[in-house]
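Participant: Pasted the sequence and its predicted model underneath.
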Amino acid sequence: MKRIIPAIAAALVLSGFPGCEEKKTPQPIAHAVPVGVFEAAKMPVTTSQSYAGFVEAESTVEIVARVPGFITRKHFSGGERVTANQPLFEIEKDQYAAAVKGREATLLKARAGLRQATAEERRSARLLRSGDISQAAYDIVKAQHDAAAATVALAEADLTNARLDLGFATIRSPIDGRVSDSAFSAGNFVSMASGPLTTVVNAQPVYVYFGVSSPGLQRLFSQAGLDIVSSSHDKLRESYTAVIVLGDGTEYPHKGTLTFIDPLVDKSTNTVRMKVRFNNPDGILLPGQFVNIRLVSKKPTSQMVVPTISISFSQAGARVMVVGGDNRIEPRIISTAFEYGRMTVVESGINPGDKVVTEGLGRIAPGALVVIVPAEPPTPPATPAPAATAEDK
């Protein structure tokens, strides 16, 4: 009996006791993460691109002395407005006034000689017709008359030059504008060799010059709904208006007109030069000033957009999280163009109808199971918004 009990015990151990099977660890049930989404779609967008430009005046004139002499008077203060023909400097005039009187006297003498030669020529002509003098004698008298006439013409030209020199002794502004400061004052001797005495700038209107890269030019055509092959530069100019963003972030109050697109590409920079005209009645824009200029399309175009808050960045670039057909999260790498209010225009990577996650991004990862809940729709901009990025300089 004692030998049977151990055998039974061993059999029980090998077969296991009823109800003492090994317990299996229960698998966790996947829980769906609630997320809010935005259904990607196209919407009318007023596109814009930003560039760095510089201001140039319509006219810039360097004022120089056209006759030498000592300055006797300076008529302006630097920075003030001047009008066309307004005196700026006076150069001593005595020698130039005396030269005019001398040339006037010379002209009077020449005219007197011409009158005498004319009378002699007429008298000789009558004698020639009556046969009292020879043709050779008449030709001598006629030549003397012609020489006297030439002397008068030369004296008149000399008098004109003398009067011009006298006029140049008063240095005037050739245009309306603002005059810069001058290092010259009364008592200084000036001449053509002195260089510019001052500068007059007409900054109404002004022009802003900037460069657009070759890809940027193609983008402008595309965003205006134009084909770069078949469309002219005139159509491109008519498709955009220009805005200047001042240093404090405010917009310059006057809109600009795109007036010039260079037909050539600068080989050194691979850019196309453009020019925009701005009214500048208050002189806010100064020649030589660097400004941020935006080209804004006049007509909205249909563009794919997603909320800006849905975009994150990785080493691969900008991306969004999209809810797939099985309610699983799919990351999408996208190419963005610019921000438009609270939205971002997407050039590629998103299709109409894609469900882009906007709420709950911090609780999900690629492949996560989600459930869509109502989300607050982003508010589209009421007015054209500035472009957030533009790589063309």
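Facilitator: It's in. Residues are numbered from 1 along each chain as shown.

Participant: now the longest helix seen in the chain, how far from the centre of its chain.
Facilitator: Longest among the helix segments of the chain by residue count, using DSSP state H, is helix 94-130. On the basis of Cα atoms, centre = their mean, to the nearest Å, helix 94-130 is displaced by 62 Å from the centre of the chain it belongs to.

Participant: Go through the helix or strand where D146 lies and flag the buried ones.
Facilitator: Taking DSSP states H and E as the definition, one finds D146 inside helix 135-168. Of the residues in helix 135-168, those with enough neighbours to count as buried (16 or more other Cβ atoms under 10 Å) are 138, 141-142, 144-145, 148-149, 151-152, 155, 158-159, 162-163, 165-166, 168. Glycine gets a C-beta too; all of them are placed from N, C-alpha and C.

Participant: Stretch 354-369 now?
Facilitator: The neighbour-count check on stretch 354-369 (16+ other Cβ under 10 Å) flags D354, K355, V356, V357, T358, E359, G360, L361, I364, A368 as buried.

Participant: list the contacts for the fifth one?
Facilitator: This means T358. Contacts were defined as Cβ atoms under 8 Å, 6 or more residues apart in numbering; by that measure T358 touches G36, V37, F38, P307, I309, S310, A375, P378.

Participant: Also the third one?
Facilitator: Contacts of V356 were listed using Cβ under 8 Å, 6+ apart, and they are V37, F38, E39, A40, V306, P307, S310, V320, M321, V322, I350.

Participant: any chance of those in JSON lines, with neighbour count, distance to D262 and secondary structure too?
Facilitator: Formatted as JSON lines, the contacts of V356 follow (neighbours: other Cβ atoms under 10 Å; distance: Cβ to Cβ, whole Å; DSSP: H, G, I helix; E, B strand; the rest coil):
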{"residue": "V37", "neighbour count": "22", "distance to D262": "46", "secondary structure": "strand"}
{"residue": "F38", "neighbour count": "22", "distance to D262": "41", "secondary structure": "strand"}
{"residue": "E39", "neighbour count": "12", "distance to D262": "43", "secondary structure": "strand"}
{"residue": "A40", "neighbour count": "23", "distance to D262": "38", "secondary structure": "coil"}
{"residue": "V306", "neighbour count": "26", "distance to D262": "36", "secondary structure": "strand"}
{"residue": "P307", "neighbour count": "22", "distance to D262": "38", "secondary structure": "strand"}
{"residue": "S310", "neighbour count": "24", "distance to D262": "39", "secondary structure": "helix"}
{"residue": "V320", "neighbour count": "26", "distance to D262": "38", "secondary structure": "strand"}
{"residue": "M321", "neighbour count": "24", "distance to D262": "44", "secondary structure": "strand"}
{"residue": "V322", "neighbour count": "22", "distance to D262": "43", "secondary structure": "strand"}
{"residue": "I350", "neighbour count": "21", "distance to D262": "35", "secondary structure": "coil"}
